[in-house]
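J.: Coordinates only, no sequence provided:
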């Protein structure tokens, strides 16, 4: 017996006794359809096993029971924890979770949001800091209104909303306060020359951490010049390279505030490769408290951000009042310092690293 080909929307329409356009409206969920007609169409689609079409996941309410989470990077420990929180809370509410990554490409993000809208996802959650420029503001405004029109909801998780009235849920943590507290911890240990390693101008999360770092130094009567913020971005490799260059160039600093724990991991390795020790020669702190931070050598003092709770709260708050699609909700989670072994008193004197037999200028 020959295998049956893919069921078409016309076949569903014929069995349901409606037009193909009506079937399309029912399956997209974007247009009002009489309940009796909707029931006939869904029963016909089910009986014909109309599952190859992208809209089939909306059958029997399946689409609206789906939560989509869009991340910058799947391999990032922080993003992975947020995604775990989203998945766990979605499961608690009887919903499925789909995960996609953008690699930081706005076009890829737009494609994923559009796909999830077409799939009928009830929630679309965008995770992580971004560059808050005009293009971002226009893009997110368009997402929010398009999803609302489709009966879905946009959730901004760890990133700002361009408009307080936008129909979106915003869940974030206080990056600035966490950075202020961690910088103050370094100052209380005696440090006065503290370098921030991992800036990324325009990135909402990192700009807030730099602001907290600077504010803490000012509060303690300590200045910070432009040379004390190293804009190397995030990631272990970026942290290693920037720290190695810094050690070749300067010997006047006693502590490093890494923009996140992966930058700190690279910095720790660079310090070790330079023949120095943490915290005897240089103190290093990070941000996020990823699970591996306690296994670094030495274990890392850092700011614990509630990554999994961030994901859980994103789902929980968005589902709390599913009928209030036009409302804006903002929720801020707290942070706290986790003290481990990577901070000590400033070294009395540290010689510049010798490169090729010559001390760097």
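T.: Okay, I see it. Just so it is clear, the structure is predicted and the values come from calculations on it, not from any experiment.
J.: Could you use CA atoms for every contact and neighbour count after this?
T.: Noted.
J.: in the worst-scoring helix or strand of the chain on mean pLDDT, what's buried?
T.: Using mean pLDDT, DSSP states H and E, helix 20-28 stands out as the lowest-scoring helix or strand of the chain, at a mean of 79. Residues of helix 20-28 classed as buried by neighbour count (16 or more other C-alpha atoms under 10 Å): 20, 22, 23, 24, 26, 27, 28.
J.: Would you reformat the residues you listed as a markdown table and include distance to residue 44?
T.: Output for these, formatted as a markdown table (distance: C-alpha to C-alpha, whole Å):
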| residue | distance to residue 44 |
| --- | --- |
| 20 | 12 |
| 22 | 13 |
| 23 | 10 |
| 24 | 13 |
| 26 | 12 |
| 27 | 12 |
| 28 | 15 |
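J.: quick check, nearest of those to residue 120?
T.: Distance to residue 120 across those (C-alpha to C-alpha) is lowest for residue 28, with 6.9 Å.
J.: Now do the least confident helix or strand of the chain: distance to the chain's middle.
T.: 35 Å (C-alpha atoms, centre = their mean, to the nearest Å).
J.: Give me the packing partners of whichever strand or helix holds residue 140, helices and strands only.
T.: Assigned by DSSP states H and E, residue 140 belongs to helix 134-149. Secondary-structure packing of helix 134-149 (3 or more C-alpha pairs under 8 Å, 6 or more residues apart in numbering; DSSP states H and E): helix 106-119, strand 153-157.
J.: Determine which stretch of these is the most buried.
T.: Among those, strand 153-157 has the highest mean neighbour count (mean count of other C-alpha atoms under 10 Å), at a mean of 27.
J.: going on from that one, what's the next piece of helix or strand?
T.: strand 168-173.
J.: what about that following strand, distance to the chain center?
T.: The answer for strand 168-173 is 11 Å, by C-alpha atoms, centre = their mean.
J.: can you give me the mean pLDDT across it?
T.: For strand 168-173, mean pLDDT rounds to 92.
J.: neighbouring strands for it, and are they parallel or not?
T.: Strand pairing for strand 168-173, using DSSP bridges, gives strand 153-157 (parallel), strand 329-333 (parallel).
J.: ok so, going back, following the chain past the least confident helix or strand of the chain, name the next helix or strand.
T.: helix 35-47.
J.: That next one packs against which elements?
T.: Looks like helix 35-47 contacts helix 9-16, helix 20-28 (3+ C-alpha pairs under 8 Å, 6+ apart).
J.: Using TSV, lay out these together with distance to residue 37.
T.: Shown next, in TSV, are the helices and strands packed on helix 35-47 (distance: least, C-alpha to C-alpha, whole Å):
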stretch	distance to residue 37
helix 9-16	8
helix 20-28	8
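J.: Now do the same contact list for residue 178.
T.: Contacts were defined as C-alpha atoms under 8 Å, 6 or more residues apart in numbering; by that measure residue 178 touches 209, 212, 303, 335, 336, 337.
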